[in-house]
Structure formats: structure tokens, C-alpha cells
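> how would this look folded up:
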Amino acid sequence: MSTLALLVVLLLVVVGLMGFAGLALLVHRHPSWAEPVVVAFAGVTLLCAAASVIITR
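Take a look at the predicted model:
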């Protein structure tokens, strides 16, 4: 795997962790957002699965 691909994966992980922390704080402060956040996590999971297939090729 090239250095550029590794940097892109690292960036995706860092941004993903920051997004997860922000959503966790949002759900903690506003419990009514719990259901939309779960749907968003399902979408992110599908996106990560697609990215992993692309990266492994």
C-alpha cells in the first residue's frame, strides 16, 4: 500500500473519531437526536465497508 493511501486512511480515521465524539456529545445533550444518529451510523458503516473494499484492491 502506498504512503498516500495510508495517509488517506489515517485522515479518515481521525475525522471519523472527531465526528463520533461530536455526535456522542449531541446525543448526550439532546436525547431526541438518538434515532437520527443511529441511522447516520448505519450509513457511515456502509461507507466504511465500501472504502475498505476499494482500498484492498
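> Now do the contacts for the residue nearest the centre of the chain.
By Cα atoms, centre = their mean, the chain has its centre lying nearest to Gly16, at 3.9 Å. Applying Cβ atoms under 8 Å, 6 or more residues apart in numbering, we find Gly16 in contact with 44, 48. C-betas here are computed from N, CA, C, even on glycine.
> in which helix or strand would I find it?
helix 3-29 (DSSP states H and E).
> Pull out the buried positions in that helix.
By neighbour count on 16 or more other Cβ atoms under 10 Å, the buried set for helix 3-29 is 23, 27.
> what's around Leu47, how many residues?
Leu47 has 12 neighbours, counted by other Cβ atoms under 10 Å.
> Leu12: what's it in contact with?
Taking Cβ under 8 Å, 6+ apart as the test, what Leu12 contacts is Ala51.
> Adjust the sequence numbering to begin at 11 for everything that follows.
Done: numbering now begins at 11, and the last item shifts to Leu22.
> what about it, distance to Leu33?
16 Å (Cβ to Cβ, to the nearest Å).
> Could you measure from the residue nearest to Gly29 when sequence neighbours are not counted over to Pro46?
Using Cβ to Cβ, 6 or more residues apart in numbering and skipping the chain neighbours, the partner closest in space to Gly29 is Val54 (7.9 Å). According to Cβ to Cβ, Val54 and Pro46 sit 13 Å apart.
> same check, this time on Val19
27 Å.
> and what of Thr55?
Counting by Cβ to Cβ, the gap from Thr55 to Pro46 is 15 Å.
> Then Thr13?
37 Å.
> what's the answer for Gly29, then?
14 Å.
> And Val25, by the same measure?
20 Å.
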